[in-house]
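Engineer: predicted model, plus sequence, below.
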Amino acid sequence: DTAVSQTPKYLVTQMGNDKSIKCEQNLGHDTMYWYKQDSKKFLKIMFSYNNKELIINETVPNRFSPKSPDKAHLNLHINSLELGDSAVYFCASSRAGRNTEAFFGQGTRLTVV
Amino acid sequence: LAKTTQPISMDSYEGQEVNITCSHNNIATNDYITWYQQFPSQGPRFIIQGYKTKVTNEVASLFIPADRKSSTLSLPRVSLSDTAVYYCLVGAQGNNAGNMLTFGGGTRLMVKP
């Protein structure tokens, strides 16, 4: 069983469109994250969501919004896609508390044309 | 969160021990040090975590001096499959605000035959 799964794995879309990336974890974790990895391979934290508390990286445009229907899911919605949004997006999850490790999904490669 | 500095890249040969050092001069008292490994087209994977002195698991060892301003990830007898990017993270983890795992630039390790 895949611990953290994302769909789709690849997403090609046109500028201005709205798209969503789904993430599910079956580890029973309390906290889920979204990361963006750009072409230079820098991993940037976008959101952290724990017990209905959302922590937002202030540099993330408000076109990006996470939605959590339940504890096992944290989906990423992106409105009005721009060329600069092209990147690989990773979902991750971890238990709350110290000495916890984060488990990452395989990533979603988003290409905006 | 404490900023980390790592070498951008390192080369090694199969069978050698590889040591990757990370500087984190402004580490806080309650910060842990965590290392992740990322292969191309995959999400990062937890390797090891420590607070002080030495931690060893089946994959690696982590050496942390008394002042905790740096740490060294040691990979014994590397193989070609250890070619990856290695990230050092420093920060507190918990179910409070601030549970944001922040990655630095990472060290790209190339293992040659």
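Structural biologist: Noted; the coordinates are in hand. Keep in mind it's a predicted model, so treat the numbers as computed, not measured. Residues are numbered from 1 along each chain as shown, chains lettered A, B, ... in the order given.

Engineer: only C-alpha atoms from now on, for both contacts and neighbour counts.
Structural biologist: Fine.

Engineer: elements contacting the lowest-mean-pLDDT helix or strand in chain A?
Structural biologist: Between all helices and strands in chain A, the lowest mean by mean pLDDT, DSSP states H and E belongs to strand A:53-56, at a mean of 82. Counting contacts by 3 or more C-alpha pairs under 8 Å, 6 or more residues apart in numbering or on different chains; DSSP states H and E, strand A:53-56 packs against strand A:43-50.

Engineer: packing partners of the strand it packs on?
Structural biologist: Where contact means 3+ C-alpha pairs under 8 Å, 6+ apart, strand A:43-50 is packed against strand A:31-37, strand A:53-56.

Engineer: can you pull the contacts of the residue nearest the centre of chain B?
Structural biologist: Geometric centre of chain B, nearest residue: residue B:35, 3.2 Å, by C-alpha atoms, centre = their mean. With contacts defined as C-alpha atoms under 8 Å, 6 or more residues apart in numbering or on different chains, residue B:35 is in contact with B:46-49, B:73, B:86-89.

Engineer: and what of residue B:69?
Structural biologist: Here residue B:69 is in contact with B:23-27 (C-alpha under 8 Å, 6+ apart).

Engineer: closest to chain A among the residues you listed?
Structural biologist: residue B:27 (15.7 Å; C-alpha to the nearest C-alpha).

Engineer: picking that back up, now the least confident helix or strand of chain A: buried residues?
Structural biologist: Residues of strand A:53-56 classed as buried by neighbour count (16 or more other C-alpha atoms under 10 Å in any protein chain shown): A:54-56.

Engineer: what do you get for stretch A:96-111?
Structural biologist: By 16+ other C-alpha under 10 Å, the buried positions in stretch A:96-111 come out as A:96, A:99, A:101-111.

Engineer: picking that back up, what subset of the contacts of residue B:35 is also close to chain A?
Structural biologist: Among the contacts of residue B:35, the residues lying close to chain A (C-alpha under 8 Å from any C-alpha of the partner chain) are B:46, B:49.
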